[in-house]
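Asks: what shape does this take:
(chains A and B)
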Amino acid sequence: MSKYDYTELGLKAGLEIHQQLDSKEKLFCKCPTLIRDTKESNFEFFRYLRATESEMGEKDRAAVEQTKIRRKYIYRAYDSTCLIENDEEPPREINREALGISLGVSKLFNMKPVDRMNIMRKIVVDGSNTSGFQRTAFLAGDGYIETPLGHCGMDSLCVEEEAAQKIEEVGDTIIYSLDRLGIPLVEIATAPDIKSPKQAREVAEYIGMVLRSTGKVKRGLGTIRQDINISIAKGARVEIKGVQALDLIEEIVAREVERQVKLLDMREELLARKAFVCEEVYDATGLFQDTRSKVLLKGMKNGVILAAHLKGFDGYVGREVQPGRRLGTEFSDRAKTAGVGGLFHTDELPNYGITEKEVQALKDAIGAKEDSAVIMVAAEPEKARLAIEAVIKRAQEVLTGIPEETRKALPEGNSSYMRPLPGAARMYPETDVPPVEISRKYYECIETPELLTERAKRFTTDYELNPELSNKIAYSKDLPLFENLIENYRKDELVGATLIARTLVGLVPELRRSGVDVDALKEEHFAGVFAAISAGEIAKEAIQELLTALTKEPDTPVPEVISNLGLSAFDPAEIETFIEGLVRERREFILDKGPAALGPLMGMVMKEYRGKVDGKILSQLLKTEINKFISQS
Amino acid sequence: MEIKQGDWVRVEKDGTVYEGKVMPSAEGYVTLKMNSGYNAGFLEAEVTITLLESKPEEPEVAEGAAEKRALKVSSELPAKRSEKLPKVAILSTGGTIASKIDYRTGAVSSQFTADDILSAIPELREIADFKGRVISSILSENMESSSWENLAKAVVEEIEAGADGIIITHGTDTMMYSAAALSFMIETPVPIVFVGSQRSADRPSSDNAMNAICAALVAISDIAEVSVVMHGTTSDDYCEVHRGTKVRKLHTSRRDAFKSVNSKPLAVVDYDSRKIETLIAHTRRGEVPLKFKPGMETKCALVKFTPGADPAILDYYLEAGYKGIVIEGTGLGHVSTKWIPSIEKATEAGIPVVITSQCLNGRVCDRVYDTGRDMLKAGALEGEDMLPETALVKMMWVLGQTGAFEEAVELLGADLSGEITGCTLQ
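Replies: Purely as a prediction, here's the structure:
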């Protein structure tokens, strides 16, 4: 049972799903959508970014905060990237394949497209886009989906370019890899119709299923990301970014509700205590001239110690807002935006080599009473000032409510502060790319793929696969391979859908686990294997051995590998001779038992041919021979 | 009902409702800026539009925004016109460094003034005491030789009024022509620095800030020459300072499109340390007195020779009354033998013909092959290691100074402003 009654709290959540598309080329250039190993980078350059004004003459608050520190962005380029990724050439026209995939997705969500898609620049100054903005376009809106827990509106579908991948952060320098920059993605935002953590997960799963149904989305880690917008009635909208695993969604929602509830409780108590945040910044450097605290000494080298006085906050800074995260952690997140490593607060002192005496001296110096908390930052003067001011601002917000902000999902389900929620000021038109007309005719020509859920059902009825296997193959990345293979064998006596499905989603993963390089296997290998089985040349029991051999010599034709392994040494004539001999030899037994002799004799045949010839074939041959013998006798 | 730009409206299409502010749009469409910041276009004929809130009758949005910006800057940066800082005049002529989005056309245009540049790049105010002056607001492809003269005149006025350095913001397409023109027209005791940007000023990655800061550092430096200051590499590491007569745009889009040809750059400016390192000899501050020598002959042409090109091309210019011709020849400076009679016709008519090379790098030498020797016999002048464009501007200026053929030939062969070097760059 959950700790909270989400209905009573007025929980509202919406999802924003980013899914990379598997188009051949990037969204605004002709480069392949290929992820590279950074070691293969053949060129490097660096840039700085500045917050600029929108066409309305405003600067985006998130952009302003992010450019407080002058960061250096190093970019790694490849032989598969070009000047467009380097922000050294205007973009090409939007990639039509990606647009087609996106429109197909919008149909599956019952959305309606605009008549003319305008490409915008969304200011992003964390360096993840060389240009300082992400190109994005609103394509469709006003859709919906239905899942067991209810109806959920689908507010918008945008086509966007993927950002560059962060490789490393060293001090004020961040290294990005440009291979990912520009890969097309769809950003799908639901309406805030989600009312429980469980529903959030269900909606995310459904959207993921629909996206995979297109067969045109990238698969694997990092190719889909979920952001969650969460608010409770008395709280505020918070966007939690970068949830990579579906399993975390419920926990993230639950813990954000917890955070907001706890912060609101604190607010009530603090107001009752007449808590107050002093705006004054105190320079406490002089008080710590003789300190033995290594962290402080390190911060004071070329720097200062600045302090803030939070009246009535004693005991609250150390209080948990999420498991393992305290109010002090929230303060620290903000301080870090100024480029400092962290902060000290009196709820955790004495500690870190800072003595009780020093704490008392500090409190006395700034006139802090028993019930006050004091926050300290030790860093270079400018950074320290920005950091302590950020803390004071956050402390003031504790007394007013929940701040609207963008947060980063942490692995265990918590989240940490990233930046303020960006506003509309961060969008302005991308003038280098003309708007794209989405005519009704064009839209109607876009085909919608069959949903994976429907496909799985169809597999059960059409191919008589059991439901579990149907689901597995429908959701597998080998679905296209399965569909190509099944085309030839759906009525085959020896191959059949179950054998193909089991091979692809059962045997192959098993081989992978045991260290076989199954990635070397291509469609022609599977086709060759099943053709040999269908022709009775090998037994289905030989698949494992044959596939393993094929991974080692993928360029050798399948029949040759079969022959090399001695799998095809048994021609039908030889088997027939063997069976005839056996029947002759055991004729007394057969005359005695009649057709029931098949079972025991089959055992003897299998002993000879197990793994080499399909049991079905053997059984058929033996049966024919026995019947022939009985009828002749 | 009349819907106008800036109105807040509701648009309904097939039961779907969008709300937003009306933006400029293509014919037949209504474009909304929605709350999310996204713009979306709808076919006017297929939607119902309801006016929710009329745009308040106020001064133009653009003006309002500019005012707000100006106020903001003055409140943030108390106008401490420090007497200690050198005085630098920023003359803006338009171009990408001074560009922003034009909502009427949806394209980038030059509407930015010198003051806008200062407010966008506040660091500039720590380097010098700036005075802004708008000369024109045109993209550089629309410039003419009269624009160069107006610009030169304004520069001279600012130097006379006490400027310690001049910055000219300029579109990059024809910056090298303007820089060459000012090199010939002005003998300067202070730095005259051309600067532009290859990425528009509205984007966070624009090269405008670094280029402008480096240009300001050059403007207060000892390099009293007409120069072009632009990115040295694709990184934000340093700018190169190119001599105005030796610089060429060699890439359509990269930040480091400008390169010195047949010369090292005058200097490099390190962006982080703000230090200038000079690479070759230059005229020093105060070394020469200010001298303004306007006058440009517009009837001059730069003609590119291509294989099989008809000599009638050259004849056309002679018949059309052109006064000077620069030929961009092949290799060491060649045209086909068929062209030689036309060259002779020109020089006999008192029309100087200067030969430059399509190779750009290296020096013209018409004494190696027969064709070249015949060209010289026909009166063609070797353009040495001059860039073809510089040679054209020099021709215009020389013929603007003198009508005498002999004198013109002498000037064309001499190094007037660093356009011809004695020793070819290794």
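Asks: list the buried residues in stretch A:239-254.
Replies: Residues of stretch A:239-254 classed as buried by neighbour count (16 or more other CB atoms under 10 Å in any protein chain shown): A:239, A:240, A:241, A:243, A:248, A:249, A:250, A:251, A:252, A:253, A:254. C-beta here means a position set from N, CA and C on the backbone, and glycine is covered the same way.
Asks: only C-alpha atoms, please: export the helix ranked longest in chain A in CSV.
Replies: Identified as the longest helix of chain A according to DSSP state H is helix A:249-272. Extracted C-alpha coordinates of helix A:249-272, given in CSV (Å, rounded to 0.1, in the frame of the first residue of the first chain):
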residue,chain,number,x,y,z
ILE,A,249,8.6,5.6,-13.3
GLU,A,250,6.3,4.5,-10.4
GLU,A,251,9.1,5.1,-7.9
ILE,A,252,9.9,8.5,-9.3
VAL,A,253,6.3,9.7,-9.1
ALA,A,254,5.9,8.3,-5.6
ARG,A,255,9.1,10.0,-4.4
GLU,A,256,8.3,13.3,-6.0
VAL,A,257,4.9,13.3,-4.2
GLU,A,258,6.8,12.5,-1.0
ARG,A,259,9.2,15.4,-1.6
GLN,A,260,6.5,17.9,-2.2
VAL,A,261,4.4,16.7,0.8
LYS,A,262,7.4,16.9,3.1
LEU,A,263,8.4,20.3,1.9
LEU,A,264,4.9,21.6,2.3
ASP,A,265,4.8,20.2,5.9
MET,A,266,8.1,21.8,6.6
ARG,A,267,6.8,25.1,5.3
GLU,A,268,3.8,25.0,7.7
GLU,A,269,6.0,24.2,10.7
LEU,A,270,8.6,26.8,9.7
LEU,A,271,6.0,29.5,9.3
ALA,A,272,4.6,28.6,12.7
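Asks: what is the nearest of the buried residues of stretch A:239-254 to chain B?
Replies: Nearest to chain B among the buried residues of stretch A:239-254, counting by CB to the nearest CB, is residue A:239 at 12.9 Å.
Asks: so how far is the helix or strand where the closest one lies off the chain centroid?
Replies: Per DSSP states H and E, residue A:239 falls inside strand A:238-243. Distance of strand A:238-243 from its chain centroid, counting by CA atoms, centre = their mean, to the nearest Å, is 12 Å.
Asks: helices or strands up against it?
Replies: strand A:224-231, helix A:249-272, strand A:405-409, strand A:415-420 (3 or more CB pairs under 8 Å, 6 or more residues apart in numbering or on different chains; DSSP states H and E).
Asks: turn the ones you listed into TSV, columns for mean pLDDT.
Replies: Shown next, in TSV, are these (pLDDT from 0 to 100):
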stretch	mean pLDDT
strand A:224-231	93
helix A:249-272	95
strand A:405-409	93
strand A:415-420	91
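Asks: could you pull out the strands for the stretch 51-200 of chain A?
Replies: Ranges of strands in the stretch 51-200 of chain A, per DSSP state E, counting those that start in this stretch, are A:72-77, A:112-113, A:116-117, A:119-123, A:133-147, A:150-161, A:165-170, A:173-177, A:184-190.
Asks: of these, which is nearest residue B:391?
Replies: strand A:72-77 (37.2 Å; CB to CB).
Asks: go through the buried residues of stretch A:239-254 and name the one nearest residue A:86.
Replies: Nearest to residue A:86, judged by CB to CB, of the buried residues of stretch A:239-254 is residue A:241 at 25.8 Å.
Asks: what about stretch A:180-199, start to end distance?
Replies: Length of stretch A:180-199, first residue to last, CA to CA, to the nearest Å: 31 Å.
Asks: what about that stretch and chain B, touching?
Replies: No: using CB under 8 Å from any CB of the partner chain, stretch A:180-199 stays clear of chain B, with a minimum separation of 8.8 Å.
Asks: show me what the longest strand belonging to chain B is packed against.
Replies: In chain B, taking DSSP state E as the definition, the longest strand is strand B:16-23. Applying 3+ CB pairs under 8 Å, 6+ apart, we find strand B:16-23 packed against strand A:133-147, strand B:8-13, strand B:29-33, strand B:39-43.
Asks: try it again with 10 Å
Replies: For strand B:16-23, the helices and strands in contact under the criterion 3 or more CB pairs under 10 Å, 6 or more residues apart in numbering or on different chains; DSSP states H and E are strand A:133-147, strand B:8-13, strand B:29-33, strand B:39-43, strand B:48-53.
Asks: out of the helices and strands packed on strand A:238-243, nearest to chain B?
Replies: Evaluated with CB to the nearest CB, the helices and strands packed on strand A:238-243 place strand A:224-231 nearest to chain B, the distance being 12.5 Å.
Asks: low-confidence stretches in the chain?
Replies: Reading this off chain A. The model of chain A has pLDDT under 70 over residues A:1-2, A:53-59, A:66, A:68, A:424-425, A:568-571, A:611.
Asks: actually chain B
Replies: For chain B (pLDDT under 70), the answer is B:1, B:56-83, B:95-114.
Asks: quick one, helices of it?
Replies: Along chain B, the stretches classed as helices by DSSP H are B:61-76, B:114-120, B:124-127, B:145-160, B:175-185, B:208-219, B:312-319, B:340-348, B:370-377, B:388-401, B:405-413.
Asks: export these to TSV and tack on mean neighbour count and distance to chain A?
Replies: Output for the helices of chain B, formatted as TSV (neighbours: other CB atoms under 10 Å in any protein chain shown; distance: least, CB to the nearest CB, whole Å):
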stretch	mean neighbour count	distance to chain A
helix B:61-76	13	3
helix B:114-120	20	7
helix B:124-127	18	13
helix B:145-160	19	25
helix B:175-185	27	18
helix B:208-219	27	6
helix B:312-319	15	33
helix B:340-348	18	40
helix B:370-377	17	38
helix B:388-401	25	23
helix B:405-413	16	37
